[in-house]
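Q: Fold the stuff below for me.
(one chain, ligands or ions: 1)
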Amino acid sequence: MGFRRLVILTGAGISAESGLGTFRDKDGLWTRYNLEDVATPQGFARDPAFVHEFYNARRRGLREAQPHAAHQALARLEAAAPTGSVLLVTQNVDDLHERAGSRNLIHMHGELTKVRCDACETVAEHRDDLSTGSVCGHCGGAGFMRPHIVWFGEMPMMMDEIYAALDACDLFVSIGTSGTVYPAAGFVEHVRRRRRAHTVELNLDPSEGHSLFAERRYGAASAIVPEFVDRLLAEGI
Ligand code: APR
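A: Model prediction:
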């Protein structure tokens, strides 16, 4: 098929087999927590200690998780392709893509392993617990630290770069996402409008937008993603 510019979107489903929960599957995170309480600025303002504990538990869980064959296959694809020709846009806040070796990566919903100071806007690596008394290593302010996560009602990150890549791509692949949260859920339509790119969905079950994809494969990411990458590499992307 000889693709030259690839954009790959991932969601929680690619990390499910690493033991990290998804959001909307059976016993997913949003079946156990009210997202308004833990994933909105209003929820954080209402009870910052509760929100810190929610993300502290997810950060601790991340230490036990390992990338699996799907993360590794995407890193292999990037390494085998010409530099810069594969952009990985993830909705996930885990660091499993980095740990598998992916480099050309955008975390549009932020990162669990980073924190931000609301006083000086400094973003820093932080893998331990955070609390309402945490002090900013840059400005020394206390009580202004928050997870570097995009909450509902906030603007996802690096959207200009993402849309520029979607406009230039000739292959768009969506992996492990239910296609329910915008703007990511609208990427496939954005790509189709230009009628120049092939679109593929790789998921456990059909997503909300499954009918918009030219090609669809269903199964566990650890099986279908390496298969798909091997086929791309064999055909010479
Ligand atoms: N392999 C492949 N796909 C899987 C697997 C698996 N092993 N397990 C689950 N899935 C699929 C499910 O079929 C579902 O379509 O992953 C998807 C998970 O959907 P969600 O839980 O809605 O997660 P996601 O689409 O990433 O959510 C998007 O919503 O709450 C916000 O910010 C949060 O980034 C998240 C966004």
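
Q: what does the longest helix along the chain contact?
A: Assignment by DSSP state H gives helix 48-64 as the longest helix of the chain. By Cβ atoms under 8 Å, 6 or more residues apart in numbering, the surrounding residues in contact with helix 48-64 are 19-20, 33, 37-38, 43-44, 93-95, 112-113, 127-132, 146-147, 149. Where you see a C-beta, it was placed from the backbone N, CA and C, and this is true even at glycine.

Q: Now with 10 Å, please.
A: Identification of contacts with helix 48-64 by Cβ atoms under 10 Å, 6 or more residues apart in numbering yields 15, 18-21, 29, 33, 37-41, 43-45, 47, 93-96, 99, 112-113, 115, 126-134, 143, 145-149, 151.

Q: near the ligand at all, it?
A: No. Legend: contact between helix 48-64 and the ligand by Cβ under 6 Å from any ligand atom is lacking; minimum distance shown is 11.6 Å.

Q: May I have that helix as PDB, with CA atoms only?
A: The C-alpha trace of helix 48-64 is given here as PDB (Å, rounded to 0.1, in the frame of the first residue of the first chain):
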ATOM      1  CA  PRO A  48      -8.900  18.400  45.800                       C
ATOM      2  CA  ALA A  49      -7.800  15.800  48.300                       C
ATOM      3  CA  PHE A  50     -10.300  13.200  46.800                       C
ATOM      4  CA  VAL A  51      -9.100  14.000  43.200                       C
ATOM      5  CA  HIS A  52      -5.400  13.800  44.300                       C
ATOM      6  CA  GLU A  53      -6.200  10.300  45.800                       C
ATOM      7  CA  PHE A  54      -7.900   9.200  42.600                       C
ATOM      8  CA  TYR A  55      -4.800  10.100  40.500                       C
ATOM      9  CA  ASN A  56      -2.400   8.800  43.200                       C
ATOM     10  CA  ALA A  57      -4.100   5.400  42.900                       C
ATOM     11  CA  ARG A  58      -3.800   5.500  39.100                       C
ATOM     12  CA  ARG A  59      -0.100   6.600  39.300                       C
ATOM     13  CA  ARG A  60       0.600   3.700  41.700                       C
ATOM     14  CA  GLY A  61      -1.200   1.300  39.400                       C
ATOM     15  CA  LEU A  62       1.000   2.500  36.500                       C
ATOM     16  CA  ARG A  63       4.200   1.300  38.300                       C
ATOM     17  CA  GLU A  64       2.900  -2.300  38.100                       C
END
